[in-house]
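In: I need the structure of the sequence given here:
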Amino acid sequence: MAEQKGTEQPNAEVTAMVEAAVKEERERWERAMATSSMVSEESAKRVEELTEQLSSMREKMKALEEDHERKLKEREQELVSSKEEEIKRIKIECIEREKNAARRAKEEHENNIKLERQATGKALEQHEQDLEEKFQLRMKEAMMSKEQLQQELQSAQERIAALEAQAEKENEEMVAKYKEQVKREKARSRKSEKNLEAAQFEVEQLKRKLAEKNKLQFQGSFEDISRESPEVAKLHKQIEAYKNETKHLRLQIDARNPEKLVEFEGKLKMQGEEQEKLKEEIKTLKTIMSRQERIIQANKDIDAEYANKIQSFVGDLQISREETRRVKEKLEIAEKALKSRQAIEEQLRQRAERAEKKCKAAEAKVKEAKNSSGEGEPVAATASPGVSSEQAEMMQKKLSTIEAARESDKKLHKLKLKEKAEQMKALQEQVDMKEAALQSKVNENRALSLQVAELQRKVHGKAQEESASPMREDKHKASRNGGKHGESDKLREESTKLKAENEQLRKKETKLEKQVEDLKSELSEKEYELSSAKDELEELKNEVEALKEKLNSTSVKDKPAKTPTSLMEMADQHALLPPEARSRHRSVKSRGRNGEQKGESVMKVLGDDEGKVDTTSNSVDMEESIDVDGARGEETLDGSLVEELIMHDEA
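Out: Take a look at the predicted model:
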């Protein structure tokens with residue numbers, strides 16, 4: 001009995017301790033269940049409040065989006081209308097400027113052509129008058145020289161007759177000398193004949209040159225000049241008579257016998273002094289003839305120089321006309337290129353507007369699809385939580401790319417307008433520069449024509465002075481040659497300047513051609529960029545259509561029987577919690593629901609002291625896990641709200 005009592009006492013103590021532990025455990029479990037129920041109620045309230053906030057925020061965001069879209073549309077319409085008006089105004093101004101520039105260029109070119117024609121006509125008339133005056137002066141000089149030669153021949157014939165009368169009385173010793181003198185006279189007569197033939201040949205050459213020049217320059221306007229005048233015919237007749245007389249004298253001299261010459265020996269001795277005088281006179285005549293030949297040669301050289309200068313001047317005029325014609329053709333080509341470019345840009349602008357309209361329509365369709373698929377998004381989230389968010393992100397990215405492309409198109413359009421204005425300014429400046437260059441060329445041509453006329457007048461005056469005073473030629477030869485060389489140098493410098501200006505104009509034309517080619521290449525590049533942008537827009541449209549089909553299919557398949565608010569709550573509660581928290585939360589709920597299983601498990605576990613420690617630690621861990629799960633739920637809800645707000649702001 002004592003042993004039984006001793007054993008019953010520790011059993012009672014154990015039972016009391018077990019009951020106390022069970023009570024404590026039950027109190028702890030009740031506290032945990034109360035806290036869990038409180039947390040669940042608070043979390044449900046928090047979720048309801050958050051759902052209400054989400055709905056209100058969504059409505060506000062929709063209203064803000066609608067206002068923003070409306071404002072953007074109004075702003076876009078205003079900008080498009082203002083830009084279209086500016087483009088129309090700029091185009092009208094450009095067309096008016098082009099028309100005015102073309103009209104000015106045409107008028108100035110016509111005036112320049114008229115002035116050039118007048119200047120060339122005046123120069124040609126002056127040249128014709130100068131040629132006529134030169135021809136008349138040369139004819140007068142030839143007549144004067146002919147008369148002088150005739151007088152000299154008559155004096156020579158008289159002297160020869162006197163010498164013949166005296167030679168009959170001289171000795172045979174002087175016969176040889178006389179023969180030598182006769183030979184010398186024959187040689188001199190032959191030289192004079194040759195000189196006459198050379199003069200006649202030169203006259204014929206001058207006539208031929210004059211006829212050729214008149215044919216080349218004036219195209220048969222001076223045919224009467226090339227014909228023989230009566231004075232020239234008289235001169236030819238006199239030359240033929242002189243030839244016949246010289247032949248007759250030669251025959252007479254050859255037919256005479258040397259016996260008669262012996263008689264003139266005494267007379268020849270007596271007439272030695274007269275012969276010396278004759279020699280001196282012949283020398284003076286030779287000097288006069290050489291001077292006349294020099295004067296004729298100088299006049300020929302001057303005529304050749306001025307003929308070459310006139311030909312070069314005419315060639316420069318023709319070159320300037322050809323260059324003006326080329327410049328006109330290039331201006332016309334540039335105008336055509338500008339017109340074609342404007343047409344191409346207009347087509348591109350229309351295409352861009354069409355693409356913008358299509359993009360706007362696609363955006364409207366996407367928004368409609370969003371609004372229509374807004375009801376099916378939570379179900380899709382419950383079925384597959386990542387599909388709807390990814391699709392929304394893709395749609396937002398595509399919309400942002402479309403807007404960026406639209407902004408880049410607007411920027412490109414603005415840059416194109418600026419480039420157009422700059423190119424028009426540059427073309428206007430180039431046209432002005434070309435007009436100024438043409439005007440300067442016309443002025444230079446006028447100055448050259450005036451200089452040529454002045455030089456011709458000076459040459460005529462100098463020729464008249466030289467013909468009036470041939471003895472002063474040697475004194476003034478150096479000064480005249482210096483003046484001629486100075487004038488020729490001036491003309492050469494002017495010709496080099498004209499050539500340099502022509503080369504500059506050609507370089508400018510090549511630069512304009514390169515600019516036109518660069519503009520064409522830029523247009524081709526821009527067309528390629530627009531085509532690539534169109535392809536990208538088509539791809540985006542196809543992707544948007546595919547996404548619409550996916551959204552429609554998911555919304556049709558996953559329509560639930562519950563209301564969207566309850567689905568939203570379930571999706572938020574299910575998606576916001578991590579998998580560990582979900583498992584722990586489920587275990588806590590199962591434990592709370594099944595109280596009998598709890599007691600049995602506790603009674604089984606409380607077999608030793610270690611089991612007590614484990615139960616307490618498990619309960620503490622459970623309470624901490626519940627608190628952590630609630631905090632995580634609140635943090636995930638706050639994070640989802642922030643992410644949605646950021647996505648709306650980005651959209």
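In: tell me the secondary structure for residue 347?
Out: helix (DSSP: H, G, I helix; E, B strand; the rest coil).
In: okay, now it: neighbour count?
Out: 11 (other CB atoms under 10 Å). Just so you know, the C-beta spots here come from the backbone N, C-alpha and C atoms, and that holds for glycine as well.
In: try residue 366
Out: There are 20 residues near residue 366, going by other CB under 10 Å.
In: residue 180 and residue 340: what is the separation?
Out: Residue 180 is 93 Å from residue 340, where distance means CB to CB, to the nearest Å.
In: oh, I was asking about residue 282
Out: For residue 282, the distance to residue 340 - CB to CB - is 85 Å.
In: and if you look at residue 426?
Out: 18 Å.
In: average pLDDT across the longest helix along the chain?
Out: Criterion DSSP state H: the longest helix present in the chain is helix 2-167. For helix 2-167, mean pLDDT rounds to 79.
In: what's the answer for stretch 195-213, then?
Out: On average, stretch 195-213 scores 72.
In: all helices for the stretch 301-450 of the chain, in order.
Out: For the stretch 301-450 of the chain, applying DSSP state H, counting those that start in this stretch gives helices covering 377-383, 387-468.
In: burial measure for residue 296, as a count.
Out: The burial count for residue 296: 17, using other CB under 10 Å.
In: does it sit in a helix or strand, and which one?
Out: Assigned by DSSP states H and E, residue 296 falls within helix 272-373.
In: circling back: could you tell me the least trusted of the helices of the stretch 301-450 of the chain?
Out: Of all the helices of the stretch 301-450 of the chain, helix 377-383 carries the lowest average pLDDT, namely a mean of 40.
In: ok, back up a step: higher neighbour count, residue 282 and residue 340?
Out: Comparing residue 282 with residue 340 by other CB under 10 Å, the one with more neighbours is residue 282, at 15 against 12.
In: in space, what's closest to that one - neighbours in sequence excluded?
Out: residue 188 (7.5 Å; CB to CB, 6 or more residues apart in numbering).
In: stretch 159-179: end-to-end distance?
Out: 16 Å (CA to CA, to the nearest Å).
In: report the buried residues of stretch 137-151.
Out: For stretch 137-151, the neighbour count (16 or more other CB atoms under 10 Å) marks 138, 141-142, 145-146, 149 as buried.
In: brain fart, stretch 152-169
Out: For stretch 152-169, a neighbour-count test (16+ other CB under 10 Å) marks 152-153, 156, 160, 163-164, 166-168 as buried.
In: got a markdown table for those residues, with distance to residue 293 too?
Out: Output for the buried residues of stretch 152-169, formatted as a markdown table (distance: CB to CB, whole Å):
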| residue | distance to residue 293 |
| --- | --- |
| 152 | 16 |
| 153 | 19 |
| 156 | 20 |
| 160 | 25 |
| 163 | 28 |
| 164 | 31 |
| 166 | 34 |
| 167 | 33 |
| 168 | 38 |
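In: identify, from the residues you listed, the entry nearest to residue 416.
Out: residue 152 (90.8 Å; CB to CB).
In: give me the spatial nearest neighbour of that closest one, chain neighbours excluded.
Out: residue 285 (6.4 Å).
In: now the one you found: how far from residue 145?
Out: For residue 285, the distance to residue 145 (CB to CB) stands at 11 Å.
In: hang on, the earlier thing: can you redo the buried residues of stretch 137-151 as a markdown table with distance to residue 414?
Out: Formatted as a markdown table, the buried residues of stretch 137-151 follow (distance: CB to CB, whole Å):
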| residue | distance to residue 414 |
| --- | --- |
| 138 | 76 |
| 141 | 80 |
| 142 | 82 |
| 145 | 86 |
| 146 | 88 |
| 149 | 91 |
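In: what's the farthest-apart pair in these?
Out: Taking CB to CB, no two of the buried residues of stretch 137-151 sit farther apart than 138 and 149, at 15.9 Å.
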